[in-house]
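Undergrad: any chance you could fold what I've pasted below:
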Amino acid sequence: MRISDIEIQQWRHFRNLKLYVDEDAGLVCIVGANGTGKSHILELIAACAHRLGLAQGIEIPRGDPFSDPHSFCLRFHVAAGVSGAIDLGLAQEKAFGAWDRTLYIEDRNIPPDHISRISAGGINDPQQSLDFAQKVIEQLNNSKEVHFLSLDADRAYPKKNINVNEIAQAYEIDWEGAEYTKGRSYRPSTTLYDEWIKYFLAQENQSGTKLMQANRRALKQGRNPPPFEDHFEAYAHSLQKVLPHLLFTGVDSKKRTLLFDTTGLELSFNQLSGGEREIAFLIGQIDRFSLRQGVFLLDEPELHLNADLIRVWVAYLVSTVSAGQIWLATHSLEAVEAAGQHATFVLERNSETREVDSLARLDSRPILAVLSRAVGTPAFSISQLKFVFVEGEDGIGERERFNKLEGTADNIRFMECGSCQEVIRRVSAIKSLANETDATIRIGGVIDKDFRSDLECKRITTDYGVFVLPVHEVENFFLHPETLHLLATQNGKPEINVLDLIREIADRRAGAWVFQNAMSKPNAIGLTLASTISKEMVKKMTWAEMEVDQEALVERIGIATGMQNEELKRFTQLLQISINSYSRKREDLELWKVCEGKQLLNDISSSIGFSGPQDLARATFVVWSRDGADVPDELTALRNYLSAL
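TA: Prediction:
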C-alpha cells in the first residue's frame, strides 16, 4: 500500500503543490521550517486513508481536512498481495483485470465547485471506474487486516497508575480483534500509550490462562504439555534490533508495569531513559498492530532520540514496513539520508503571501542539499533565512554566542565549521553553487582577526565576502572597557581601572602572544618549527621577564631552537619585531581588541566580581540590550554586515 502522488490546489495554507513519489520509495520525508505544514500533510493522508477504508476513523485536533475549504487529489497504489480481501473477493469482477491497482481521490469543496469522487485507475469507463473503486473500499472496510497506522508528535510517557478495575476491563478485551487493531490504529498517540501497558498486562494474563488450560487438557488426555510460546518474543527481538543493550523481560502484574533488563539491571518502563521509552513504545505499536504492508505515518521520528539512534530506528522501520510506505514529517537529517534526496520533499512558505506554495524534491535543489549537510538539519527555508558560517567547533557554544551578539534578528542561522579556512571554503562553495543553479540565498561568514593585518582583512572581505572581526577573536567583545567598567561598578568595584586590569592580565601572557604573533607572519613560512623547549620557553614568559634585556633574551631563545644560519636569523628577527609590537600595543587604549580574548576573559571576569566568563557574558548582553547602551563600534560593524546580507 503506497501513495504515488498528492496534488493540493487549495487547502488550509497550501497553494498549488504537487508531490510525485517514485514507485520504489518505501520511505518518504517531508521537511521544512516550523509552521510550513509538515504535520498537515500527514493529516491529509490520514483523512484519505479513512475514506478508502484503510482506517476506521480519524482523530485530528485540527479537524477533518475534508471539512475545510479544499481542492486536492491523492493517488494510492494497492499492490497485489497486500490485501487478500481484495485479491480474492474481487478477482471475479469484470473490471478487475483492467484495474491498475490504484485508487484516485479527487475532492473539491470551494463554492460553487463541489466534487467528491474516488475512481479506480486503468478502467476506461468512468462509471465502471467509480463503481469498482467503491467495491475495493468496501472490501478494505470489511477486512480485519491493518493497513494504516498513525503516530502523532504528542508523545510523552508519564507514569501510568492503572486501577484494578481498569485491569479487569482490559482482561475482557479481545485485543486481537478488529475493534482493537484496525479500529485503534488511527487513535492519537496519547490514547495508544494509555492502552499500551493495559494491552501487555492483558496479553500476559490471557496467554497465561490459555497455556494453563492447554496443560490441564494435555494431562487429562495423557499427552505431553504444549511447549511454551512467548507471545512477546517478536517484540523483544525487534527491540534489541534497535537497542541491543535493552532486553524486554516481561510484565509485573502486581506493579502493573513493563520490565526491562539493561546489562543485568532490571528496570521498569518508567525508569528507562527518554530515548529508550520512545523506542520501546514505538516498536510496541508496530508489534501490536502488525503493520507490514500498509501506510505508516510518523510525526517527528527524532523526538527524544539522538542522531545515531535515529539512524538505527529509521533503518528498522524501513526493514519492517518493507512492503508498505512510511511517511515522516521531520527535522532530522539522518531520516532524510535514509529516505534519499529523491524521496525527500521540502515545503517552503512564500515570504509575501505567507502561504506554502513551493514543494520540491531535495534532489532538485542541490543548494538546499548542501546547506542541509552544513546545518545538520533540513528544516529551513533558504528564501527566508540567512546562513552565516563562523569559526569554532560544534558544541562549544559559538552558535549561541553569535546569536546573542547579533541582537534581535530571528532569521539568521549561525553554523560552526572549524577553522577560518573552512569558513572561507564553505562560503565560496555554496555561493558558487547558488550562482550555477540560480538559487536565491543569503550567506556569509565570520572569522577571527587573529594576527592579520588590516590590509589582509580587507582583502579577505573583498575576495570572499567574509567578515573579519575587528577584534582578535569573538571573546574580545566582552573586554570592551566601557562595558567592563559599568559591570564592575554594578558589582561594587568602581575603583577598578579596567584598562590597567586588562594590561596587567595581558602582561602575564605576553610570551604566548609574542610567539604566536611571530609565527603568523608571512616570513615565518618555511621556517623549521621552533623546538618544543623554545616554544614553551617563550609562551610561559611574562612581560616583566621579557622587557629586561630583550636582545639577550632573543639570542637565548634562538639558540634553544636549534636553528642555524638564515633560519635562525629570520626567526630571531620575527621574535624581536613581535616583542616590539607588543611593547607598543600594551600602552595603547585599544589593547582590549588585540590581546588574547579567550585566555584573558576568565581572569577578567573573576577580577570584576563574576563567577566565570559565562556569567560575565550574560551580564554584558543585558547591558547591551538596554536603550541607549554603549555598544562597541566593532560589534556594530558585525551587526551591520549581518543586516546587509
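
Undergrad: how is this protein divided into domains?
TA: Recorded structural domains for the chain (assignment: automatic domain parsing) are 2-24+38-144, 164-290, 474-626.

Undergrad: start to end distance for the last one?
TA: What that stands for is domain 474-626. Using CA to CA, to the nearest Å, the gap from the first to the last residue of domain 474-626 comes to 21 Å.

Undergrad: report the rounded mean pLDDT for it.
TA: Mean per-residue pLDDT for domain 474-626: 90.

Undergrad: also stretch 228-245?
TA: When pLDDT is averaged over stretch 228-245, the result is 91.

Undergrad: list the buried residues of it.
TA: Buried positions in stretch 228-245, judged by neighbour count with 16 or more other CB atoms under 10 Å: Phe232, Tyr235, Ala236, Ser238, Leu239, Val242, Leu243. Just so you know, the C-beta spots here come from the backbone N, C-alpha and C atoms, and that holds for glycine as well.

Undergrad: let me know the closest of these to Met415.
TA: Nearest to Met415, judged by CB to CB, of the buried residues of stretch 228-245 is Val242 at 29.9 Å.

Undergrad: quick check, that closest one in contact with Phe281.
TA: No - between Val242 and Phe281 there is no contact under CB atoms under 8 Å: 11.9 Å.

Undergrad: ok but Phe467 is inside a strand, no?
TA: Yes - residue state for Phe467 (DSSP: H, G, I helix; E, B strand; the rest coil) corresponds to a strand.

Undergrad: what does the closest residue to it other than its chain neighbours show for phi and psi?
TA: With CB to CB, 6 or more residues apart in numbering as the measure, Tyr641 is the residue that lies nearest to Phe467, at 4.3 Å, once sequence neighbours are left out. With angles defined as degrees, to the nearest 10, Tyr641 shows backbone torsions of phi -60, psi -50.

Undergrad: what's the spacing between Tyr641 and Val446?
TA: Distance check for Tyr641 against Val446: by CB to CB, to the nearest Å, it reads 8 Å.

Undergrad: rewinding a little: now flag whichever of the buried residues of stretch 228-245 is closest to Pro188.
TA: Out of the buried residues of stretch 228-245, the member with the shortest distance to Pro188 (by CB to CB) is Tyr235, at 21.8 Å.

Undergrad: if we can go back for a sec, turn the buried residues of stretch 228-245 into a markdown table, columns for secondary structure and distance to Arg51.
TA: Conversion of the buried residues of stretch 228-245 to a markdown table gives the following (DSSP: H, G, I helix; E, B strand; the rest coil; distance: CB to CB, whole Å):
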| residue | secondary structure | distance to Arg51 |
| --- | --- | --- |
| Phe232 | coil | 35 |
| Tyr235 | helix | 32 |
| Ala236 | helix | 37 |
| Ser238 | helix | 31 |
| Leu239 | helix | 34 |
| Val242 | helix | 33 |
| Leu243 | coil | 37 |
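
Undergrad: make CSV out of those and add distance to Ala33.
TA: Conversion of those to CSV gives the following (distance: CB to CB, whole Å):
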residue, distance to Ala33
Phe232, 41
Tyr235, 36
Ala236, 39
Ser238, 34
Leu239, 34
Val242, 29
Leu243, 31
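
Undergrad: just give me the closest of those residues to Trp313.
TA: Checking these against Trp313 with CB to CB, the nearest one is Val242 at 5.6 Å.

Undergrad: helices and strands of this structure: which one bottoms out on pLDDT?
TA: For the chain, using mean pLDDT, DSSP states H and E, the weakest element among its helices and strands is helix 366-375, scoring a mean of 74.

Undergrad: could you list every helix and strand that that helix packs against?
TA: Applying 3 or more CB pairs under 8 Å, 6 or more residues apart in numbering; DSSP states H and E, we find helix 366-375 packed against helix 333-339, strand 386-390, strand 412-416, helix 420-437.

Undergrad: can you do 6 Å?
TA: In terms of contact count using 3 or more CB pairs under 6 Å, 6 or more residues apart in numbering; DSSP states H and E, helix 366-375 is assigned the packing partners helix 420-437.

Undergrad: mind listing what's buried in the helix it packs on?
TA: Taking 16+ other CB under 10 Å as the neighbour-count basis, helix 420-437 is seen to contain the buried residues Cys420, Val423, Ile424, Arg425, Arg426, Val427, Ser428, Ile430, Lys431, Leu433, Ala434.

Undergrad: pretty sure Cys48 is touching Ile105, no?
TA: Yes - using CB atoms under 6 Å, Cys48 is in contact with Ile105, at 5.3 Å.

Undergrad: common neighbours of those two, please.
TA: For the pair Cys48 and Ile105, residues contacting each of them under the criterion CB atoms under 6 Å, 6 or more residues apart in numbering are Leu74.

Undergrad: and those two? which has more neighbours close in?
TA: For Cys48 versus Ile105, the count of surrounding residues by other CB atoms under 10 Å is larger for Cys48: 26 against 22.

Undergrad: next one: that one from Arg223, what distance?
TA: From Cys48 over to Arg223 (counting by CB to CB), the distance is 52 Å.

Undergrad: per-residue confidence at Ile412?
TA: At Ile412, the predicted lDDT confidence score is 87.

Undergrad: residues in contact with the residue found closest to it once you drop the neighbours it is linked to in the chain?
TA: In this structure, Ile412 finds its nearest non-sequential neighbour in Lys386, 4.7 Å apart by CB to CB, 6+ apart. Contact analysis of Lys386 by CB under 6 Å, 6+ apart lists Asn411, Ile412, Arg442, Leu645.
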